[in-house]
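Peer 1: Following is a predicted model, sequence given first.
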Amino acid sequence: MENLTFENLNLYTLIPMIILTLGALGIICIDIAKKGLSRSFYAMLSILFLTVSLAFVVASDTNVYGFFNMLIIDGTAKLAQIIILVASLLFAPLILSGKEFDEHKFAEYFAFLLFAVTGFLFMVSTNNLILIFVGLETASLALYAMIAMHNKNNAIEAALKYFTMGALSSGFFAMGAMILYALTSSVDINIIVQTLAQRDFEPMIATLGALAFILASFAFKLSIIPFHTWTPDVYEGSTAALAGYMSVVPKTAGFIVIIRLFETLIDEKLIWANDILYLLAVVTMTLSNIMALVQSDVKRMLAFSSISHVGFILCAVLIGSKQANEAIFLYLILFMFVNFGAFTLLWIARNKENLYDERYQHPYSKFSGMIKIAPMGAVIMALFMLSLAGIPPFSIFWGKIYIMSAAIQEGFIILAVIMALNSAIAVYYYLRLVVYMFLKEPLQTDGTVYIENASKPLMVVVGIAAITAVAAIFFVEPIITVIGCYL
């Protein structure tokens, strides 16, 4: 008991999470005291708390332990926290869309957002399996509610699917963590791996089972094939804004946990961990690209697109070199802006009725001849598609080329070839939307259909994303330099 002192708590490491938790509770208390406040007020409060939390993260020291050594603020954690908070700051203004939707009328929606971010921050800032689980559940429960609050039939269906898959994922994680604790008497990832390595990972069946459970758990969260089946349906049922958020932030948190566990295992020469990651990366990239080719809805295409990008990042985890780890964060940063931009344009084009298809909100046909009706929107969406396709000199190209370069340097030649082939396949379904926008005749003449949900905050997010997509060539090197300072 004498070790449980306030000094060991190191409260400073908890400040970003405390700010967000107090912010969420404050929003709920304000709503109880004063009903009927506008969504603009709560959105600005959310942005304020996220900004203050980000300021503390940026100003914090690295390689600092807290919460009785269960929290670790190393370079990896700090970079991940910055990405999560910046992505959340991009998402919050999207609530201020041109039209007001049911979920934005409730203060709880904004509180859930802050609780979700808190959970993700805990996930990326620890090696402790218990704290990872707590963060995972906190974030997941908040996201389930945010999806369901859209109050549409397909939104309720999406929330139930996400909840079911999330519950299965949590069960897998708990089972894997329990077996690892039984084998090593520890819940700290570093101690677990060291203990297992000292005994040559024996008993191998138990070790294999435990790690398979944990990998399956995060494969659900990252939409790694074959654990991806929920993703297109959940994205389809969610608002485009929330789908864009889920394509970035939960995946960032999940990848940090995968990096902490499996790169350590690969360093300890656990050969099967290397092989299974190789297989999952190749299958995820390839099959998701093939499935994206046959989609008739742009949002579902972007869902499979995000799965393909997960496969690329998984390749970098497999490679495990310093350059590969730098490439992971570069890729996540570039993907965050561009993907948010694409989903934001879908959010701007959101209509209350399905105008062009009985089921889908954003069929390809909706965008036919967009260049003649809303030329600026068509040009910007084309920029995002070219960037996501990895066509130079747009932003995602630099992330892909950096990962392929790391693969070649570490001797993963075949993997680099597979990544290049998958990039070529992806060009087709991204350019398919460009063809519809630029080469087909419009189905209607009212340009407002593309800007029905537009507002200044949304246009600001789109503008930031567009600048990032076009100007990435000028700041990729500085970003890599900054990332290298932390890793």
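Peer 2: Cool, the structure landed. Owing to the predicted nature of the structure, the values given are computational and were not obtained by experimental measurement.

Peer 1: Give me the below-cutoff pLDDT ranges for the protein.
Peer 2: Residue ranges of the chain with pLDDT under 70: 1-8, 151, 352-357, 444-449.

Peer 1: three-state assignment of N351?
Peer 2: Following DSSP: H, G, I helix; E, B strand; the rest coil, we place N351 in the coil state.

Peer 1: Am I right that A406 is in contact with V317?
Peer 2: No - using Cβ atoms under 8 Å, A406 is not in contact with V317; the gap is 11.0 Å. No exception for glycine: its C-beta is placed from N, CA and C like everyone else's.

Peer 1: and for those two, which residues touch both?
Peer 2: Common contacts of A406 and V317 (Cβ atoms under 8 Å, 6 or more residues apart in numbering): A324.

Peer 1: got the CA positions of stretch 335-343 in CSV?
Peer 2: Extracted C-alpha coordinates of stretch 335-343, given in CSV (Å, rounded to 0.1, in the frame of the first residue of the first chain):
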residue,chain,number,x,y,z
PHE,A,335,-5.7,9.4,-44.7
MET,A,336,-7.5,11.2,-41.9
PHE,A,337,-7.8,14.5,-43.9
VAL,A,338,-8.6,13.0,-47.3
ASN,A,339,-11.1,10.4,-46.0
PHE,A,340,-12.8,13.0,-43.8
GLY,A,341,-13.0,15.3,-46.9
ALA,A,342,-14.7,12.6,-49.0
PHE,A,343,-17.2,11.7,-46.3
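
Peer 1: Outside of that stretch itself, list whatever touches it.
Peer 2: For stretch 335-343, contacts defined as Cβ under 8 Å, 6+ apart pick out 83, 86-87, 90-91, 240-241, 243-245, 247-248, 252, 299, 302, 306, 309, 380-381, 384-385, 387-388, 394-396, 399, 461-462, 464-466, 468-469.

Peer 1: Buried ones from these, can you make that a ChimeraX selection?
Peer 2: In ChimeraX, a selection of the buried entries from these looks like this (16 or more other Cβ atoms under 10 Å):
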select :83,86,87,90,91,240,241,243,244,245,247,248,252,299,302,306,309,380,381,384,385,387,388,394,395,396,399,461,462,465,466,468,469
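
Peer 1: Sort out for me which of the contacts of stretch 335-343 are in strands.
Peer 2: With DSSP state E as the criterion, strands contain none of the contacts of stretch 335-343.

Peer 1: E236 and A303 touch, don't they?
Peer 2: Yes - if you go by Cβ under 8 Å, E236 and A303 touch, sitting 7.3 Å apart.

Peer 1: the more surrounded of these two?
Peer 2: For the pair E236 and A303, the greater number of neighbours falls to A303 (27 against 21), based on other Cβ atoms under 10 Å.

Peer 1: Would you mind measuring from that one to V476?
Peer 2: For A303, the distance to V476 (Cβ to Cβ, to the nearest Å) stands at 27 Å.

Peer 1: Now do the strands in the stretch 151-300 of the chain.
Peer 2: Remark: strands of the stretch 151-300 of the chain are absent; assignment by DSSP state E, counting those that start in this stretch.

Peer 1: Break down it into its helices, ranges please.
Peer 2: Under the criterion DSSP state H, counting those that start in this stretch, the stretch 151-300 of the chain contains helices at 153-184, 189-198, 204-222, 231-237, 240-246, 249-258, 264-267, 271-293, 298-319.

Peer 1: Dump those helices to CSV, plus distance to R39.
Peer 2: Converted to CSV, these look like this (distance: least, Cβ to Cβ, whole Å):
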stretch, distance to R39
helix 153-184, 18
helix 189-198, 40
helix 204-222, 29
helix 231-237, 21
helix 240-246, 13
helix 249-258, 21
helix 264-267, 44
helix 271-293, 34
helix 298-319, 23
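
Peer 1: Looking at those helices, spot the one closest to I18.
Peer 2: helix 249-258 (18.5 Å; Cβ to Cβ).

Peer 1: Tell me which residues are up against the closest one.
Peer 2: Outside helix 249-258, the residues that touch it by Cβ under 8 Å, 6+ apart are 76-77, 80, 83-84, 87-88, 116-117, 120, 123-124, 132, 135-136, 139, 143, 215, 218, 221-223, 306, 310, 313-314, 317, 328, 332, 336.

Peer 1: and with 6 Å instead?
Peer 2: Residues outside helix 249-258 that contact it (Cβ atoms under 6 Å, 6 or more residues apart in numbering) are 80, 83-84, 87, 120, 123-124, 132, 218, 221-222, 317, 332.

Peer 1: Return the closest of those with respect to F412.
Peer 2: Looking across the contacts of helix 249-258 and measuring by Cβ to Cβ, the closest to F412 is V317, at 12.0 Å.

Peer 1: Check the gap between that closest one and A158 for me.
Peer 2: Distance, V317 to A158, by Cβ to Cβ: 28 Å.

Peer 1: May I ask which of the contacts of helix 249-258 has the most neighbours?
Peer 2: Neighbour counts for the contacts of helix 249-258 peak at F120, which has 32 neighbours (criterion: other Cβ under 10 Å).

Peer 1: For it, which residues are in contact?
Peer 2: Counting by Cβ under 6 Å, 6+ apart, F120 touches I84, A139, V249, A253.

Peer 1: Tell me how many other residues crowd the third one.
Peer 2: Read it as V249. Other residues lying near V249 total 26 when counted by other Cβ under 10 Å.

Peer 1: now L11
Peer 2: Burial measure for L11: 11 neighbouring residues, criterion other Cβ under 10 Å.

Peer 1: How about the contacts made by it?
Peer 2: Contacts of L11 (Cβ under 6 Å, 6+ apart): none.

Peer 1: burial count for P203?
Peer 2: Neighbourhood size, P203 [other Cβ under 10 Å]: 10.

Peer 1: Hmm, A471 and L383 touching each other?
Peer 2: No - with contacts counted by Cβ atoms under 6 Å, L383 stays clear of A471, the gap being 11.0 Å.

Peer 1: Same drill for those two, tell me which one is more crowded.
Peer 2: Here L383 and A471 are compared on neighbour count by other Cβ under 10 Å; more neighbours surround L383, at 22 against 13.

Peer 1: Not counting its neighbours along the chain, what's nearest the more buried one?
Peer 2: Residue nearest to L383 in three dimensions, not counting chain neighbours: A469, with 5.1 Å by Cβ to Cβ, 6 or more residues apart in numbering.

Peer 1: That neighbour and M146, how far apart?
Peer 2: A469 sits 27 Å away from M146, taking Cβ to Cβ as the criterion.

Peer 1: Equivalent analysis for A212, please.
Peer 2: Computed with Cβ to Cβ, the distance linking A212 and M146 is 30 Å.

Peer 1: who's more crowded, the two?
Peer 2: More crowded of A212 and M146, by other Cβ under 10 Å: M146, with 24 against 17.

Peer 1: how many other residues sit next to the nearest residue in space to E157 that is not next to it in sequence?
Peer 2: Distance criterion Cβ to Cβ, 6+ apart; nearest residue to E157, sequence neighbours excluded, is G237 at 5.6 Å. Residues near G237, counting by other Cβ under 10 Å, number 24.

Peer 1: G237 against A155, yeah?
Peer 2: Yes - counting by Cβ under 6 Å, A155 is a contact partner of G237 at 4.9 Å.

Peer 1: Contacts only, for the residue nearest to E157.
Peer 2: By Cβ under 6 Å, 6+ apart, G237 lies in contact with N154, A155, E157, A158.

Peer 1: Columns distance to G166 on top of those residues, output as JSON lines?
Peer 2: JSON lines is the format used below for the contacts of G237 (distance: Cβ to Cβ, whole Å):
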{"residue": "N154", "distance to G166": "18"}
{"residue": "A155", "distance to G166": "16"}
{"residue": "E157", "distance to G166": "15"}
{"residue": "A158", "distance to G166": "12"}
